[in-house]
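[1] Mind looking at a prediction? Sequence and model below.
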Amino acid sequence: MAEYLVLKEPYFALVSRISLWCLILCSALFASSCKTEKKQAVAKAQNEVTSRVEALPYYGEATFTPHWFSSDSDSLKNFHKIPDFELTNQNGELITNATFENKIYITDFFFTVCPGICPKMTENMTRIQEEFIENDEVLLLSHSVTPDYDTPEVLQKYAKRKKVNPKKWHLVTGDKELIYDLGRNQYFVEEDLGITKDVNDFLHTENFILIDQNKHIRGIYNGLNKASIGQLILDVRTLQAE
């Protein structure tokens, strides 16, 4: 009987070790399977979100009434586009429409000493910058609404504090009348419809505007709202896929 027990102990130990290895292996496979299923679920959810619409609408005036055109529609030939402009960025470089040729860009209006909405807007622009940091097709454009104060030197200091990538994001200054005309009559960033304003009426808005590769407006977003910024990022991807 003692001999039997001596012979059987190693066998039971071996079985126990094999069982333990099987348990560990199964657990690892199960965990890996769960991770794969989770990634697939996330990917599926992302695809469903980005493919809710196959194309974005076009906007041509301050009411932001959507117009649905195909990219080759004749209606786009005379549809509103952002006109030519010349401004100066934080590095003293000339910025024009040619800077954004065949590019998607997001634009807003701010000033460097703004104590209110601008810091949050800049924070959200930074989020967009990081999202597309490796994507050469997407640029950012922020206009100073106090161009007399916000010289290129002032903008450069601000850009360094806010970690602005000069290859991705242009902070621009220039002629005040041009900047205000762009904001009010070309990008339609203000929401005070029917109220006549001139260059002496301060331009202050939280809106971000999405511009496509052909200088058409394709979206307007609340630059203070996290969900709105998330939608903007998705819409940029939709625009790229058109």
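    Yep, that arrived.
[2] Buried residues of stretch 168-182, list them for me.
    In terms of neighbour count (16 or more other C-beta atoms under 10 Å), stretch 168-182 has its buried residues at 168-174, 176, 178-182. All C-beta spots, glycine's among them, are computed from the backbone N, C-alpha and C.
[3] Over to stretch 96-109?
    Taking 16+ other C-beta under 10 Å as the basis for neighbour counts, the residues of stretch 96-109 that come out buried are 99-100, 104-109.
[4] Quick check: end-to-end length of that stretch?
    According to C-alpha to C-alpha, to the nearest Å, stretch 96-109 extends 16 Å from its N-terminal end residue to its C-terminal end residue.
[5] Which residue comes closest to Tyr105 once chain neighbours are left out?
    For Tyr105, ignoring the flanking residues on the chain, the nearest one in space by C-beta to C-beta, 6 or more residues apart in numbering is Leu139 at 4.4 Å.
[6] so Leu203 sits right up against Gly183, yeah?
    Yes. Using C-beta atoms under 8 Å, Leu203 is in contact with Gly183, at 5.1 Å.
[7] which residues do the two both contact?
    Residues touching both Leu203 and Gly183 (C-beta atoms under 8 Å, 6 or more residues apart in numbering): 109, 145, 189-190.
[8] Which parts of this protein are helices?
    Taking DSSP state H as the test, the helices found in the chain are 2-50, 118-131, 152-161, 176-181, 226-241.
[9] For Ser142, name its beta-bridge partners.
    Using DSSP bridges, the bridge partners assigned to Ser142 are Asp108, Leu171.
[10] Please report how far it lies from Val154.
    13 Å (C-beta to C-beta, to the nearest Å).
[11] what about those two, which has more around it?
    When Ser142 is set against Val154 and neighbours are counted by other C-beta atoms under 10 Å, the residue ahead is Ser142, at 27 against 18.
[12] Per-residue pLDDT of the more buried one, please?
    What the model reports as pLDDT for Ser142 is 98.
[13] Name the spans of this structure whose pLDDT lies under the cut-off.
    With pLDDT under 70 as the threshold, the chain has low-confidence stretches at 1-53, 193-194.
[14] Mind doing that once more with 50?
    In the predicted model, the chain carries pLDDT under 50 at residues 1-9, 11-15, 18, 22, 24-26, 28-51.
[15] Please name the bridge partners of the residue nearest to Asp235 when sequence neighbours are not counted.
    Closest residue to Asp235 apart from its sequence neighbours, by C-beta to C-beta, 6+ apart: Gly219 at 5.2 Å. Under the criterion DSSP bridges, Gly219 forms beta bridges with Leu210.
[16] between the buried residues of stretch 168-182, which is nearest Cys114?
    Distances from the buried residues of stretch 168-182 to Cys114 were compared by C-beta to C-beta; the smallest belongs to Leu171, at 12.8 Å.
[17] Looks like the closest one contacts Lys160 (just checking).
    No. In this structure, Leu171 sits apart from Lys160 without contact. The criterion is C-beta under 8 Å, and the distance is 10.8 Å.
[18] just to revisit the earlier point, tell me which residues touch the residue nearest to Tyr105, please.
    Residues counted as contacts of Leu139 (C-beta under 8 Å, 6+ apart) are 99-100, 103-106, 168-170.
[19] Let's see that with 7 Å instead.
    100, 103, 105, 168 (C-beta atoms under 7 Å, 6 or more residues apart in numbering).
[20] mind putting those residues in a markdown table, distance to Trp68 included?
    Converted to a markdown table, these look like this (distance: C-beta to C-beta, whole Å):
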| residue | distance to Trp68 |
| --- | --- |
| Phe100 | 24 |
| Lys103 | 23 |
| Tyr105 | 22 |
| Lys168 | 30 |
